[in-house]
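K.L.:
Dropping the sequence and predicted coords here.
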Amino acid sequence: MNEGRSPEARPGPEAGGDGPEIGVGPWEGPLPEGAEYDPELLAHGDRRNVVDRYRYWTVDAIVADLDTRRHPFHVAIENWQHDLNIGSIVRTANAFNAAAVHIVGRRRWNRRGAMVTDRYQHVAHHETIADLAAWARIHSLPVVAADNLPGAVPVDEAELPRACVLLFGQEGPGLSPEALAAADLHVEIRQFGSTRSINAAAAAAIVMHEWVRRWAV
Ligand SMILES: C[S@@+](CC[C@H](N)C(=O)[O-])C[C@H]1O[C@@H](n2cnc3c(N)ncnc32)[C@H](O)[C@@H]1O
């Protein structure tokens, strides 16, 4: 029986508390058994932004566990202009446990907004929209393009497929004509104000949450 314990994490200054840092300190008491535990984290503490279930686990063990229950939706984002939103989209995809994120266009993407969540998220790359579309066809995944364009169905009314690729454009140009042509379904988020569109990362979060609301058990 494991008699050790994970010390309680006190909220740090960033959360208005008097605790020193987020996360937990070194493991106290007899060490837990199991290949999922990282000896370094047990010895020195785990300050990562992970849910408590994964405290002291290795990255590989966390990814393996997420893989057992990933959702069947994928997220794709066009990356022709090094869009800063991509990191944030990866982080949200990780939070909702998406099957994978697909970067289309430039291979390099700005990881800052991901806050290292890309370690836990499968991220694939496709040179072109045609490559992404071919990949989606092979895997029988309809492509759902999200943009505020004429003819798009409000996402809250759309028949959002369970297994699919949710495709987003980038700040400025939005979805490319190739991306729109490759889509099986066009959806939009209803807007009521004066701005033409919302931020791409915010839009991706809303559409992913709509998928989760419909399909996640
Ligand atoms: C800032 S928008 C730019 C383009 C937009 N078509 C325009 O007219 O301004 C960047 C991306 O965010 C997503 N997006 C922004 N607002 C959206 C909305 N109302 N509905 C669906 N997607 C949206 C789309 O994927 C879009 O390509």
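P.N.:
Looks like it arrived, so ask away.
K.L.:
Does residue 103 fall in a helix, a strand, or a coil region?
P.N.:
Per DSSP: H, G, I helix; E, B strand; the rest coil, the local secondary structure of residue 103 is strand.
K.L.:
Is it bridged to anything, and to what?
P.N.:
Residue 103 has the following beta-bridge partners by DSSP bridges: residue 77, residue 125.
K.L.:
wait, it sits on residue 122?
P.N.:
No - contact criterion Cβ atoms under 8 Å: residue 103 and residue 122 do not qualify, at 11.5 Å. C-beta: built from backbone N, CA, C; applies to glycine.
K.L.:
So between these two, which is more surrounded?
P.N.:
Set residue 103 next to residue 122 and count neighbours by other Cβ atoms under 10 Å: residue 103 wins out with 22 against 17.
K.L.:
wait, what's in contact with that one?
P.N.:
Applying Cβ atoms under 8 Å, 6 or more residues apart in numbering to residue 103 gives the contacts 76, 77, 79, 86, 109, 123, 124, 125, 126.
K.L.:
Closest one to the ligand out of those residues, please.
P.N.:
Distance ranking of those against the ligand, using Cβ to the nearest ligand atom, places residue 77 first at 8.0 Å.
K.L.:
Number of residues surrounding that closest one?
P.N.:
The number of residues packed near residue 77 is 26, by other Cβ under 10 Å.
K.L.:
likewise residue 202?
P.N.:
Residue 202 is surrounded by 15 other residues when neighbours are defined as other Cβ under 10 Å.
K.L.:
Could I get the contacting residues of it?
P.N.:
Residues near residue 202 by Cβ under 8 Å, 6+ apart: none.
K.L.:
hang on, the earlier thing: just put the contacts of residue 103 in JSON lines and tack on pLDDT and distance to the ligand.
P.N.:
Formatted as JSON lines, those follow (pLDDT from 0 to 100; distance: Cβ to the nearest ligand atom, whole Å):
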{"residue": "76", "pLDDT": "98", "distance to the ligand": "10"}
{"residue": "77", "pLDDT": "97", "distance to the ligand": "8"}
{"residue": "79", "pLDDT": "93", "distance to the ligand": "12"}
{"residue": "86", "pLDDT": "94", "distance to the ligand": "12"}
{"residue": "109", "pLDDT": "90", "distance to the ligand": "15"}
{"residue": "123", "pLDDT": "97", "distance to the ligand": "18"}
{"residue": "124", "pLDDT": "97", "distance to the ligand": "18"}
{"residue": "125", "pLDDT": "97", "distance to the ligand": "19"}
{"residue": "126", "pLDDT": "98", "distance to the ligand": "16"}
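K.L.:
Please convert the buried members of the residues you listed into ChimeraX selection syntax.
P.N.:
This is the ChimeraX syntax for the buried subset of the contacts of residue 103, where burial follows 16 or more other Cβ atoms under 10 Å:
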select :76,77,79,86,109,123,125,126
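K.L.:
For the protein, which segments count as strands?
P.N.:
Along the chain, the segments classed as strands by DSSP state E run 73-79, 100-105, 123-126, 143-146, 153-154, 164-168, 185-188.
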